[in-house]
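Q: Requesting a structural model of the entry that follows:
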Amino acid sequence: MTMFIAFGAAFEVPVVVVVLARMGLVSVQKLREFRSYFIVIAFIIAAVITPPDVVSQLALAIPMCLLYELGIWAAQVFIKHTQAPAEEGKGSSA
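A: Next up is the predicted model:
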């Protein structure tokens, strides 16, 4: 049962990344800078949650890392397409 919960939570990583970026709590640049730390955290989580064999640890940690990258990409696209267009004639008044 723990494995099902762990893998279910791992697939929520892109959603969490997009929500945090959209709310303005973190920028896409900060997410990119945090990438190496997230890889370490993903492997620690995988080591704690999964049984003590390498295959299941890798089966959880690698998708988490790939989903983090997908989340960064999705946050960048989502923010770019949901921002209000810049006003071009802002300074000129008729």
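
Q: Report the separation between residue 81 and residue 22.
A: For residue 81, the distance to residue 22 (C-beta to C-beta, to the nearest Å) stands at 11 Å. (Each C-beta comes from the backbone N, C-alpha and C, glycine too.)

Q: the more surrounded of those two?
A: residue 22 (12 against 7; other C-beta atoms under 10 Å).

Q: Hmm, residue 32 is touching residue 71, no?
A: No. Under the criterion of C-beta atoms under 8 Å, residue 32 is not in contact with residue 71, lying 11.2 Å apart.

Q: So these two - more neighbours on which side?
A: Of the pair residue 32 and residue 71, residue 71 is the one with more neighbours under other C-beta under 10 Å, namely 23 against 12.

Q: which element is that one on?
A: Secondary-structure assignment from DSSP states H and E places residue 71 in helix 54-82.

Q: how about the spatially closest residue to residue 49 that is not a sequence neighbour, what does it touch?
A: Leaving aside its sequence neighbours, residue 49 sits nearest to residue 6 (C-beta to C-beta, 6 or more residues apart in numbering; 4.4 Å). Taking C-beta atoms under 8 Å, 6 or more residues apart in numbering, we find residue 6 in contact with 45-46, 49-50, 60.

Q: what bits of this protein have low per-residue confidence?
A: 84-94 (pLDDT under 70).

Q: so the residue nearest to residue 49, which of the three states?
A: helix (DSSP: H, G, I helix; E, B strand; the rest coil).
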